[in-house]
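**Student:** compute the structure for the input listed below.
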Amino acid sequence: MRLAPMFLALALAFIGTTAAKEPEVGSGSSYSDSLREVYGAVQSAEAFRDICTKHFPSQRAGNDAAYASWRAQYGPFLTEMDSRYAALNVRAAKVKDGTNAELSTDSRASFALTKDKAEKVLVGLGPDGLLALCQSYPRLLASPAMDLEHVHEQKVKVIRGVQVDG
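**Tutor:** Purely as a prediction, here's the structure:
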């Protein structure tokens, strides 16, 4: 079983749901679409860890350590994407004349729904298939497939081409 494609499929599940109804912000849809795709991939690492922990609690320590190591290794990039996504929510909320809390709640609910759907797909692999994926989680995070800044190089260029109010 090839792990990177399965994990990337989980990441792709987040793309269409990360604040999908937000107004376009930045330089049109290219910025927000690119940010949603990259941020969805970032969020998928956490979602996959959580799914594995739920089904195989004995793997929590190893998977938590792998996730923390991945966050530390790519910290500046991940922090930048977190900040840009938060700024997109704030700007979109202003456009909607709503509140950031409301939009942030919508985004969290959307992530949770997508994570639930992804979990059902992964559980559908059966206990042995899911266990194999979960046991491979630390190796996957250490693989080049999870160097998201380089994997999504063109989208990151689009994202970084837009100044964000800090």
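**Student:** lowest-scoring secondary structure element of this protein by mean pLDDT?
**Tutor:** Least confident helix or strand of the chain, by mean pLDDT, DSSP states H and E, is helix 3-15 with a mean of 55.
**Student:** what are the boundaries of the helices in the protein?
**Tutor:** 3-15, 29-55, 60-73, 75-96, 100-123, 126-141, 148-151, 153-160 (DSSP state H).
**Student:** where does this structure have low pLDDT?
**Tutor:** Residues of the chain that meet the criterion pLDDT under 70 lie in 1-29, 90-109, 165-166.
**Student:** swap in 50 and give it another go.
**Tutor:** 12, 15-28, 99-103 (pLDDT under 50).
**Student:** and the helices of the chain, which is most packed in?
**Tutor:** helix 29-55 (a mean of 21; mean count of other CB atoms under 10 Å). In short, each C-beta sits where N, CA and C put it, glycine included.
**Student:** on contacts alone, who are the packing partners of that helix?
**Tutor:** helix 3-15, helix 60-73, helix 75-96, helix 100-123, helix 126-141, helix 148-151, helix 153-160 (3 or more CB pairs under 8 Å, 6 or more residues apart in numbering; DSSP states H and E).
**Student:** hmm, Ala87 is touching Val164, no?
**Tutor:** Yes. Between Ala87 and Val164 there is a contact at 4.7 Å, judged by CB atoms under 8 Å.
**Student:** can you redo the helices and strands packed on helix 29-55 as CSV with distance to Ala45?
**Tutor:** As requested, those are exported to CSV (distance: least, CB to CB, whole Å):
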stretch, distance to Ala45
helix 3-15, 8
helix 60-73, 6
helix 75-96, 9
helix 100-123, 12
helix 126-141, 7
helix 148-151, 9
helix 153-160, 16
